[in-house]
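*Asks:* dropping a prediction and its sequence here:
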Amino acid sequence: MEQLAQLVISGLATGSIYALAAMGFTLLWQASGTINFAQGEFVMLPAFIILAGMEWFGLPLYASFLLALLISSLLLGLAFKRMLVDPMIRHGVLPLIIATIALGIFLSEGVKTFYSAEAQPFPDLLPEGLFRVGGVVVSYHDIGVMAVALVLIIALQLFLSRTMTGRAMQATAQNPETARVLGVNIERMILYTFVINAVLVTVAAILVTPVYLAKFDNGASLGLIAFIAAIVGGFNQMRGALLGGLLIGVINNLTVAYLSAAYRDAIPLILLIVVILFKPEGLLGRREERTV
Amino acid sequence: MFKKRFGLAALLLSAVLTGEAASGEGVVRIVDVVELSGGGATVGTNWRNGVELAAKEINAGGGILGRKIVLRHFDTQSNPGVSKAVLMKALDTDPYVVLGPIYSSSTKVNMIVTQRAKVPQIVGSEAAEITERGNPYIFRTSFGQASSMPKLANYLRDGIKAKSVALIWVNNAFGKGGHDAVVKELKLRGIRLAADISSEVQQVDFAADVIRIKNSGADALFAYLHEEESARLLVELRKQGYAKPVVGESTLLSAKVIKLAGKAANGATGHVGLSPDAPVPGIRRMAKAFEAAYGYATDHNGIKGYIAMYVVKAVTEKIGKFDRQAFAKTLRGLTITPETEPGVLLETTYDDKGNLDRDSFLVEIVDGKQKITRVLPKLGK
């Protein structure tokens, strides 16, 4: 029982990182119809920006993180939207998906070429140590990861529901034509969404990389898991992405502990198939109908 | 006239593209087929640099039998299928010897190709079965699992005093070979296997595995993973406050793992075939030269690559000609000493299967460095 509780807590910590990346998927989809298959590489890249800030410019970790937030916002937010999404989205979702797959390969190979193909150590912001809750050993690190993710998610929810800009962004996501008529600058709102996604992936990077290590090919599996999490939870609902991420984090841990590490990647895919067959809108998703 | 010019241009183009001298005279071509990207990039890069360092030294000293070494590297991408394909491409350059790879799963598929081509191959792989297939062209630069696991099992019983052990291993040819060998040795010594956990190549998340290890109640953990995975495991063990002895082989205790895992590597112990911190003057000299050349400390893979190149030199100079069949025949049963060839660093004896025997070391990671706690003599001594 104690082992099960530990597996669930540890899975929730990992799952909250998946949730951050998965929420980025849903945000971009809702705001602009973009499915970003480079999302995993978007998590990988800020880790190397942080490392470069520390190693090349001698910045402390916090300053390097702030630098990464800025560069990610410009590169993975602004430049991504203007240089790739805007020109490609006119040709439909499929060409854009292919373009983001190409971008993912470009980013990982770029990091491999200009930084290193080898894994790199990465400093940890969170404290070490353990504490016991009713016989269950919990690490401060896991609690820290969950706390940071939770604070970010709540802040994002408050921003979207309590501020004028946030409401305008929601209006843009729900009905861009009406939002435009009401005077919302929908182009700017969509851009904000891309910048928020860049912030989410940068935070995910600083949480996950100390344990996974920084490596050019880390993004592939992370991106796939986040994508599955977003679909399982509901691609058109942020809370769905949150649930999907947490669920897959826990399921992964239980699979490794009680089945085998070999099935770690397979079980989420099976879950995905089950959800698509029996609840295609996702566990918390909204059913959408389209005219064909 | 046109044909002549065309031929000359093609020849020049070929030389430019391959980076080789046009003539076979005056040079000896050696190819290095190794993991330069993918999961094995860390080990392969070290190996490549060790090979390169040795080749530069040998060339600076006049080459092998007066011929300069022309070295080409081929990236297996840590993928057995790619490894076989690039080896076939490498063999098109008519090499004298093939060096690498390190991953046993790659060696297993491409050693058949070198055997067919009758080209000697010196590998950094450890899986026991590699030298059990009767291939007369295959040779190691590291201990096989059949040699290292008895030493490790003895250490677990006598050094750690473990009655039970949790075992985590990587599910590929390297890991499976190590798993089977150590399980057999533990059983022979009456040590109980409290947990038997397989993990995947390039696995990034070890949270669940560590929870299982902790709950197994074993007296010690034996970890048999590749370098990157070893580092991730050590980080997770520290994160979860694992306090029992963590024991492993060269891959757990390498300089790269220490760099990646940081403080989490401290306290890990085990057996290594080669260590840059070994109290051996030749190894110290090589490690210093490596650091001066590449700006970082070598691990055992760099030393393995370095030795591989010097084994080629030592054997070729012994037979006095560039003859692949004679090379393979001569190396079987040969002992090379640092007195006759300083580049081999330690007295090394090859058996009739291509396995080697030499001194090895028990180490502990202390303050981010390998500390040699004991030198173990050659098994044959």
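*Replies:* Thanks, I have it.

*Asks:* A:Ala220 touches A:Gly40, doesn't it?
*Replies:* Yes. If you go by Cβ atoms under 8 Å, A:Ala220 and A:Gly40 touch, sitting 5.6 Å apart. Backbone N, C-alpha and C define where each C-beta goes, glycine included.

*Asks:* what's the following helix or strand after the helix ranked longest in chain A?
*Replies:* Longest helix in chain A, counting residues (DSSP state H): helix A:2-32. Downstream of helix A:2-32, the first helix or strand assigned by DSSP states H and E is helix A:39-56.

*Asks:* tell me the angle of that following helix relative to helix A:2-32?
*Replies:* Relative orientation of helix A:39-56 and helix A:2-32, computed by axes from the mean of the first three to the mean of the last three Cα atoms, to 10 degrees: 100 degrees.

*Asks:* whichever helix or strand comes after helix A:39-56 near chain B at all?
*Replies:* Counting by DSSP H and E, the next helix or strand C-terminal to helix A:39-56 is helix A:61-72. No. Helix A:61-72 does not reach chain B (Cβ under 8 Å from any Cβ of the partner chain); its nearest approach is 13.6 Å.

*Asks:* quick one: residues contacting B:Ile307.
*Replies:* B:50, B:54, B:141, B:274, B:343-345, B:348 (Cβ atoms under 8 Å, 6 or more residues apart in numbering or on different chains).

*Asks:* can you add secondary structure and give those residues back as JSON lines?
*Replies:* Output for the contacts of B:Ile307, formatted as JSON lines (DSSP: H, G, I helix; E, B strand; the rest coil):
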{"residue": "B:Gly50", "secondary structure": "helix"}
{"residue": "B:Ala54", "secondary structure": "helix"}
{"residue": "B:Thr141", "secondary structure": "coil"}
{"residue": "B:Leu274", "secondary structure": "coil"}
{"residue": "B:Gly343", "secondary structure": "helix"}
{"residue": "B:Val344", "secondary structure": "helix"}
{"residue": "B:Leu345", "secondary structure": "coil"}
{"residue": "B:Thr348", "secondary structure": "strand"}
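
*Asks:* out of those residues, who's nearest chain A?
*Replies:* Nearest to chain A out of these is B:Gly50 (Cβ to the nearest Cβ; 15.1 Å).

*Asks:* make sure A:Leu272 is actually in contact with A:Ala229.
*Replies:* No. Using Cβ under 8 Å, A:Leu272 is not in contact with A:Ala229; the gap is 9.3 Å.

*Asks:* neighbour-wise, which of the two wins?
*Replies:* The neighbour count for A:Leu272 versus A:Ala229, taken as other Cβ atoms under 10 Å in any protein chain shown, is higher for A:Ala229 (31 against 18).

*Asks:* what helix or strand does that one sit in?
*Replies:* Using DSSP H and E, A:Ala229 falls in helix A:218-233.

*Asks:* which other helices and strands contact that helix?
*Replies:* Helix A:218-233 sits against helix A:2-32, helix A:39-56, helix A:93-114, helix A:186-212, helix A:238-258, helix A:266-278, with contacts defined as 3 or more Cβ pairs under 8 Å, 6 or more residues apart in numbering or on different chains; DSSP states H and E.

*Asks:* ok, residue 192 - contacts?
*Replies:* With no chain named, the answer covers chain A. Contacts of A:Tyr192 by Cβ under 8 Å, 6+ apart are A:165, A:169.

*Asks:* my bad, chain B
*Replies:* B:163-165, B:186.

*Asks:* quick one: which of these is most hemmed in?
*Replies:* When neighbours are taken as other Cβ under 10 Å, the top entry among the contacts of B:Arg192 is B:Val165 (27 neighbours).

*Asks:* which parts of chain B sit against chain A?
*Replies:* Checking chain B against chain A by Cβ under 8 Å from any Cβ, the hits are B:36-38, B:41-42, B:45, B:171, B:197-200, B:202-205, B:207-209, B:211-212, B:214-215, B:228, B:231-232, B:235-236, B:238-241, B:256, B:259-262.

*Asks:* and those residues, which are buried?
*Replies:* B:36-38, B:41-42, B:45, B:171, B:197-200, B:202-205, B:207-209, B:211-212, B:214-215, B:228, B:231-232, B:235-236, B:238-240, B:256, B:259-262 (16 or more other Cβ atoms under 10 Å in any protein chain shown).

*Asks:* quick revisit: so which of the helices and strands packed on helix A:218-233 comes closest to B:Val366?
*Replies:* helix A:186-212 (22.7 Å; Cβ to Cβ).

*Asks:* so which bits of that closest one are buried?
*Replies:* Result for helix A:186-212 [16+ other Cβ under 10 Å]: buried residues A:186, A:189-212.

*Asks:* now it, how far from the centre of its chain.
*Replies:* Chain-centre distance of helix A:186-212: 7 Å, with Cα atoms, centre = their mean, to the nearest Å.

*Asks:* cool, and stretch A:91-106?
*Replies:* On Cα atoms, centre = their mean, the centre of stretch A:91-106 falls 18 Å from that of its chain.

*Asks:* what does it rub up against?
*Replies:* Contacts of stretch A:91-106 (Cβ under 8 Å, 6+ apart): A:33-38, A:40-41, A:80, A:84-85, A:88-89, A:219-220, A:223.

*Asks:* counting neighbours, which of those residues comes out on top?
*Replies:* Most crowded among those, counting by other Cβ under 10 Å, is A:Asn36 at 32 neighbours.

*Asks:* measure it to A:Thr26 for me?
*Replies:* 11 Å (Cβ to Cβ, to the nearest Å).

*Asks:* ok, A:Gly166 next?
*Replies:* In terms of Cβ to Cβ, A:Gly166 sits 15 Å off from A:Thr26.

*Asks:* what do you get for B:Val113?
*Replies:* 49 Å.

*Asks:* distance between the ends of stretch B:272-286?
*Replies:* 17 Å (Cα to Cα, to the nearest Å).

*Asks:* state the mean pLDDT of it.
*Replies:* Mean per-residue pLDDT for stretch B:272-286: 92.

*Asks:* for that stretch, buried residues please.
*Replies:* B:272-278, B:280, B:282-283, B:286.

*Asks:* can you check the pLDDT for B:Met111?
*Replies:* 95.

*Asks:* can you tell me which residues contact it?
*Replies:* B:121, B:123, B:130, B:133, B:135, B:137-138.

*Asks:* so it is in which element?
*Replies:* Applying DSSP H and E, one finds B:Met111 within helix B:104-117.

*Asks:* from the middle of its chain, how far away would that helix be?
*Replies:* With Cα atoms, centre = their mean, you get 16 Å for helix B:104-117.

*Asks:* with stretch B:88-107 instead?
*Replies:* Using Cα atoms, centre = their mean, the offset of stretch B:88-107 from its chain centre is 14 Å.

*Asks:* pull it out as CSV, backbone CA atoms only.
*Replies:* In CSV, the C-alpha atoms belonging to stretch B:88-107 read as follows (Å, rounded to 0.1, in the frame of the first residue of the first chain):
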residue,chain,number,x,y,z
MET,B,88,29.6,-2.3,-44.9
LYS,B,89,30.2,1.2,-46.1
ALA,B,90,33.4,1.4,-44.0
LEU,B,91,34.6,-1.9,-45.5
ASP,B,92,34.4,-0.4,-49.0
THR,B,93,37.4,1.7,-48.0
ASP,B,94,39.4,-1.5,-47.7
PRO,B,95,40.5,-1.0,-44.0
TYR,B,96,43.3,-3.0,-42.4
VAL,B,97,41.4,-3.2,-39.1
VAL,B,98,38.0,-2.2,-37.8
LEU,B,99,37.7,-0.5,-34.4
GLY,B,100,34.4,-0.4,-32.4
PRO,B,101,31.6,-0.4,-31.8
ILE,B,102,31.0,-0.4,-28.0
TYR,B,103,27.3,-1.3,-27.8
SER,B,104,27.1,-5.1,-27.7
SER,B,105,23.9,-5.2,-29.6
SER,B,106,25.7,-3.4,-32.5
THR,B,107,28.7,-5.6,-32.3
